[in-house]
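*Asks:* what shape does this take:
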Amino acid sequence: MLLAAEWRGGRADYVGGTSEALQPDTEGLIYTAHPEWFLFQTRKTVIRVPYERINLLEYGQNVSRRYALAILVSPLLLLSKKRTHFLTVGFQDEFGRQQALVFRVDKKDVRAVLAALEARTGLRVQYQDEEARKAGKG
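*Replies:* As a prediction, this is how the structure comes out:
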């Protein structure tokens, strides 16, 4: 378990992706304080992705179509009128295969998470549209 003093990141739900260790709609915390790893911690699991392997950061209020096809997204989630904040983290695993993790990030935490990920990875967040850009940049 990570110490509270180390916590910098945000509350998030894993919506889906290619992780075999996580089930869709798993609650957890995204940690951005570690200098080498992007971390997502649930009650049972910690997912670690080296920042250097991350090759995509996408933010929007919809799950990207290219990733929606690769994951099972709850139909109720897609029909929801509530504004949601989705972060897609694309990366290559240790075998060179492309992987994706899609998170629904708490609206209070999304700006800090995006800024930290840009700083740690050296990548620019790809915004799905102008509305997402405004929500993600403040």
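*Asks:* pull out the buried positions in stretch 25-35.
*Replies:* When neighbours are counted by 16 or more other Cβ atoms under 10 Å, the buried residues of stretch 25-35 are found to be 26, 28-32, 34. Quick note: C-beta positions are derived from backbone N, CA and C, even for glycine.
*Asks:* starting at the chain centroid, how far to that stretch?
*Replies:* Average the C-alpha atoms of stretch 25-35, do the same for its chain, and the two points are 8 Å apart (Cα atoms, centre = their mean, to the nearest Å).
*Asks:* can you list the buried residues of stretch 25-35 in TSV and add distance to Val15?
*Replies:* Output for the buried residues of stretch 25-35, formatted as TSV (distance: Cβ to Cβ, whole Å):
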residue	distance to Val15
Thr26	9
Gly28	11
Leu29	15
Ile30	13
Tyr31	18
Thr32	19
His34	22
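*Asks:* for those, work out which two are farthest apart.
*Replies:* Between all members of the buried residues of stretch 25-35, the longest pairwise span (Cβ to Cβ) is found for Thr26 and His34 and amounts to 19.9 Å.
*Asks:* number of residues surrounding Phe95?
*Replies:* By the other Cβ atoms under 10 Å criterion, the neighbourhood of Phe95 contains 6 residues.
*Asks:* for Arg53, see how far away it is.
*Replies:* Here Phe95 is placed at a distance of 11 Å from Arg53 (Cβ to Cβ, to the nearest Å).
*Asks:* dig out what Gln92 forms beta bridges with.
*Replies:* Beta-bridge partners recorded for Gln92 (DSSP bridges): Gln98.
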